[in-house]
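1. no FASTA, just this:
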């Protein structure tokens, strides 16, 4: 159906129905015939062949990435090679994805995260919060909410955040009587809350995860506009509301704690964490420098904007570049290159995903697939915006139950959102941005994400425990994104409102 739709579009001269600049340029360079504007279907065979090739590459890459028959980075390398050899895009376009500004932002975020980990600022911050406000269960949970949000500002790998915090909240769980397989509701809450916070904290910021950055890249490639502050203004308050609701739902509704569970069960238990904190000694000059760089980057991100909307026009990638250069600068910085932990296999994976997105943009397959699917379902131009919004956000949200990769969800569903917006004449951001805000909802089942798998091994909760809490929060998140579409997203000019 998709390929037949391609043929129909090609012969009816409906160039305005979809944009394919790369494919047109490539075909024009190879064949002087006016392929897209031809009245003869046979003259469109080069473009049809390219669409067939892109569809095959997309399906094969999904299978390989999901099944992990080969390493994910190898699949990405095969994707880049296949797109070049089949002529979907030019070699320059395909290879340039490794140098995409969003790719640089991803790499530089790891440099800044390594700065916080190497100087032990992240660990000191976590221990200080727990000791300062952890006199009771409520203080403990609020502390971890704040810690997760702060770490999400720079650490774009949710698994890294979970790894940093795991030993801390495991000690806290033991202090409150949950250890050695002895489960109680405090233990269930402290681990599941951290799993929820690790993910939802990342949704507050554009740099919160690599999947967020991929979504931004796809949106920008489709003509959308977004800077760090744009995501923050909309995403941060939504994330904070969900985090507070998650805490209340978990501790008051799903796993209510007895009075004795809300107090330390081990006399002097907090002394273990206090000794660990004191063993770190006084803050070093290196730590102060790391905090200074942290605050400078944060200030520039928050105050930046396009077209005079901020104090300056320095984009998020360049700001991160400034921070990374300062962090690595001899005599000024706090880390050396060998201290920086950049997962290059993930960078190659992202490069392949960006190249695949470039190929989809060149052929406009998502829009064509949306057209074919909506025609089959009888969804027409008369369909209200609210119906489309509910369908797309629900599809994005609940796909988190079956997918094991946030990046895959972004790569599949953000182009679909863009295609729907283009078909019905709405701005690209009207659907793509709300769906991007839902990428991080991967906490319901242990296989839904790496942090979920990691924290399940703590043996503090069962599959049914995580499902009960997770599915309730997912439904609440759906209601919240619908409310956001009618209020905040409308006020910010991204949606026309739902009603």
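-> Yep, that arrived. Treat the numbers as computed from the prediction; the structure is a model and nothing was measured.
2. could you pull out the strands in the stretch 151-300 of the chain for me?
-> With strands called from DSSP state E, counting those that start in this stretch, the stretch 151-300 of the chain shows none.
3. where does pLDDT dip in it?
-> Applying pLDDT under 70 to the stretch 151-300 of the chain flags the ranges 180-181, 265-269.
4. now the helices for it?
-> 158-175, 185-202, 210-221, 228-248, 270-279, 285-303 (DSSP state H, counting those that start in this stretch).
5. same thing with the stretch 351-499 of the chain?
-> Under DSSP H, counting those that start in this stretch, the stretch 351-499 of the chain gives helices at 365-377, 385-398, 406-424, 429-436, 450-456, 463-486, 488-491.
6. which of those helices sits most buried?
-> A comparison of the helices of the stretch 351-499 of the chain by mean neighbour count, using mean count of other C-beta atoms under 10 Å, puts helix 429-436 on top with a mean of 26. Any C-beta I mention is one placed from the backbone N, CA and C, and that applies to glycine too.
7. for that helix, what is the distance to the chain centroid?
-> 13 Å (C-alpha atoms, centre = their mean, to the nearest Å).
8. with stretch 289-306 instead?
-> For stretch 289-306, the distance to the chain centre is 21 Å (C-alpha atoms, centre = their mean).
9. what's the neighbour count on residue 110?
-> Neighbour count of residue 110, defined by other C-beta atoms under 10 Å: 23.
10. can you check residue 337 too?
-> With other C-beta under 10 Å as criterion, residue 337 counts 9.
11. count of neighbours near the nearest residue to it once chain neighbours are set aside?
-> Closest residue to residue 337 apart from its sequence neighbours, by C-beta to C-beta, 6 or more residues apart in numbering: residue 328 at 6.5 Å. With neighbours defined by other C-beta under 10 Å, the count for residue 328 comes to 18.
12. residue 328 contacts residue 335, doesn't it?
-> Yes - shown here, residue 328 and residue 335 form a contact pair, counting by C-beta atoms under 8 Å, at 6.3 Å.
13. find the residues that touch each one of those two.
-> residue 111 (C-beta atoms under 8 Å, 6 or more residues apart in numbering).
14. buried ones in stretch 54-70?
-> In terms of neighbour count (16 or more other C-beta atoms under 10 Å), stretch 54-70 has its buried residues at 54, 55, 57, 58, 61, 64, 65.
15. closest one of those residues to residue 218?
-> Within the buried residues of stretch 54-70, the smallest distance to residue 218 is 13.7 Å, found for residue 58 (C-beta to C-beta).
16. quick one: mean pLDDT over the host helix or strand of that closest one.
-> Element membership of residue 58, judged by DSSP states H and E, is helix 45-67. Average pLDDT, helix 45-67: 86.
17. before we move on, what about stretch 467-480?
-> Rounded mean pLDDT across stretch 467-480 is 95.
18. low-confidence ranges in the stretch 351-499 of the chain?
-> If you take pLDDT under 70 as the line, the stretch 351-499 of the chain has these spans: 404.
19. let's see that with 90 instead.
-> 351-383, 395, 399-413, 415-416, 419-420, 422-425, 445-463, 496-499 (pLDDT under 90).
20. residue 132 - nearest residue in space that isn't next to it in sequence?
-> Excluding the flanking residues, the one nearest residue 132 by C-beta to C-beta, 6+ apart is residue 143, at 7.6 Å.
21. list the buried residues for stretch 156-170?
-> 156-162, 164-166, 168-170.
22. let me have the residues you listed in JSON lines, adding distance to residue 483 as columns.
-> JSON lines is the format used below for those (distance: C-beta to C-beta, whole Å):
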{"residue": "156", "distance to residue 483": "27"}
{"residue": "157", "distance to residue 483": "30"}
{"residue": "158", "distance to residue 483": "25"}
{"residue": "159", "distance to residue 483": "30"}
{"residue": "160", "distance to residue 483": "32"}
{"residue": "161", "distance to residue 483": "27"}
{"residue": "162", "distance to residue 483": "29"}
{"residue": "164", "distance to residue 483": "33"}
{"residue": "165", "distance to residue 483": "30"}
{"residue": "166", "distance to residue 483": "33"}
{"residue": "168", "distance to residue 483": "34"}
{"residue": "169", "distance to residue 483": "31"}
{"residue": "170", "distance to residue 483": "36"}
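23. so which of these is the closest to residue 448?
-> residue 158 (11.5 Å).
24. closest one to residue 116 among the helices of the stretch 351-499 of the chain?
-> Per C-beta to C-beta, nearest to residue 116 of the helices of the stretch 351-499 of the chain: helix 450-456, 18.1 Å.
25. so which of the helices of the stretch 151-300 of the chain is nearest residue 364?
-> helix 210-221 (11.7 Å).
26. related to what we said a few turns ago, as JSON lines, the helices of the stretch 351-499 of the chain with distance to residue 228 would be great.
-> As requested, the helices of the stretch 351-499 of the chain are exported to JSON lines (distance: least, C-beta to C-beta, whole Å):
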{"stretch": "helix 365-377", "distance to residue 228": "26"}
{"stretch": "helix 385-398", "distance to residue 228": "22"}
{"stretch": "helix 406-424", "distance to residue 228": "18"}
{"stretch": "helix 429-436", "distance to residue 228": "13"}
{"stretch": "helix 450-456", "distance to residue 228": "23"}
{"stretch": "helix 463-486", "distance to residue 228": "19"}
{"stretch": "helix 488-491", "distance to residue 228": "17"}
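27. is it true that residue 257 touches residue 186?
-> Yes - judged on C-beta under 8 Å, residue 257 makes contact with residue 186 at a distance of 5.5 Å.
28. between the two, which is the more surrounded one?
-> Using other C-beta under 10 Å, the more surrounded residue of residue 257 and residue 186 is residue 186, with 27 against 19.
29. now do the contacts for that one.
-> 137, 173, 176, 177, 178, 257, 261, 262.
30. distance-wise, check it relative to residue 264.
-> From residue 186 across to residue 264, the span is 10 Å (C-beta to C-beta, to the nearest Å).
31. what is in contact with the two at once?
-> Common neighbours of residue 186 and residue 264, counting by C-beta under 8 Å, 6+ apart, are residue 176.
32. other SSEs contacting the helix holding residue 58?
-> Contacts defined by 3 or more C-beta pairs under 8 Å, 6 or more residues apart in numbering; DSSP states H and E place helix 45-67 against helix 2-11, helix 21-30, helix 72-85, helix 344-363, helix 365-377, helix 406-424.
33. distance to residue 273 added to the ones you listed, as JSON lines?
-> As requested, the helices and strands packed on helix 45-67 are arranged in JSON lines below (distance: least, C-beta to C-beta, whole Å):
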{"stretch": "helix 2-11", "distance to residue 273": "57"}
{"stretch": "helix 21-30", "distance to residue 273": "55"}
{"stretch": "helix 72-85", "distance to residue 273": "37"}
{"stretch": "helix 344-363", "distance to residue 273": "32"}
{"stretch": "helix 365-377", "distance to residue 273": "50"}
{"stretch": "helix 406-424", "distance to residue 273": "32"}
